[in-house]
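J.: 3D model of this:
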Amino acid sequence: MLFDPTKLTISPQGWWPQYANGITKLGHTNNLAHPALSGLVVELFYTGSNAVGNLFPEVFANEVPRAAVALTATVIKLALDEVATEGKEVTFKRDVYADVYVDIMGLMVKCDTSPVHCAKTKALRVHWAKIGRNGGDVSTMTGFDVDLD
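T.: So this is what the prediction gives:
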């Protein structure tokens, strides 16, 4: 099993969401696998009758779009910035967080340059869409394998 969602954690090297101290048993970094990201993706895009995923199933049914993942990760960065300022409200301003969003999109493209990471991040987006479509709770994930042979 490449993924064990019960062992997700934030990378000690930074806020980029990673899993299992950032490394699998095979030595691969687990980008975009933090439960905060998966939970927020499902909550923002699939929860409720007016959720974007429900309004646009042709876009969200089979896979969470990259832009949605990047926006969600940007929101997490905003929340972490608020924590870093000891709870003082941080405003979600385009001129501040657009660069974060663009950087995250770039990191996702960088993951695509590796067959292993491309498969892992796609599998996450597909899995999150399945959870969202089925009205499931992201905390019930039991893990899954990706065969790259």
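J.: And what about the residue lying closest to residue 66 once chain neighbours are set aside, helix, strand or coil?
T.: Leaving aside its chain neighbours, residue 66 sits nearest to residue 108 (5.5 Å; criterion: Cβ to Cβ, 6 or more residues apart in numbering). All C-beta spots, glycine's among them, are computed from the backbone N, C-alpha and C. Three-state assignment for residue 108 (DSSP: H, G, I helix; E, B strand; the rest coil): helix.
J.: surely residue 108 meets residue 67?
T.: No - using Cβ atoms under 8 Å, residue 108 is not in contact with residue 67; the gap is 9.6 Å.
J.: residue ranges with poor pLDDT in the chain?
T.: Within the chain, the stretches with pLDDT under 70 are 1-22, 136-149.
J.: Now do the strands in it.
T.: Using DSSP state E, the strands of the chain run over 8-10, 17-23, 29-31.
J.: May I have the strands that pair with the last one, each with its orientation?
T.: In this case it means strand 29-31. Take DSSP bridges as the rule and strand 29-31 pairs in its sheet with strand 17-23 (antiparallel).
J.: and the gap between the residue nearest to residue 66 and residue 90?
T.: Separation of residue 108 from residue 90 (Cβ to Cβ, to the nearest Å): 24 Å.
J.: returning to what we had before: so if I had to pick from residue 108 and residue 67, which one is more boxed in?
T.: Neighbour tally, residue 108 and residue 67, criterion other Cβ atoms under 10 Å: the higher count belongs to residue 108, 20 against 13.
J.: measure that one to residue 55 for me?
T.: For residue 108, the distance to residue 55 - Cβ to Cβ - is 24 Å.
J.: With residue 38 instead?
T.: Taken as Cβ to Cβ, the span from residue 38 to residue 55 is 21 Å.
J.: how far out from the middle of the chain is stretch 57-75?
T.: 9 Å (Cα atoms, centre = their mean, to the nearest Å).
J.: Report the buried residues of that stretch.
T.: Within stretch 57-75, the residues scored as buried using 16 or more other Cβ atoms under 10 Å are 59-60, 63-66, 68-75.
J.: Verify the contact between residue 104 and residue 73 for me.
T.: Yes - taking Cβ under 8 Å as the definition, residue 104 is a contact partner of residue 73 at 4.8 Å.
J.: ok, residue 126 - contacts?
T.: Shown in contact with residue 126 (Cβ atoms under 8 Å, 6 or more residues apart in numbering): 62-64.
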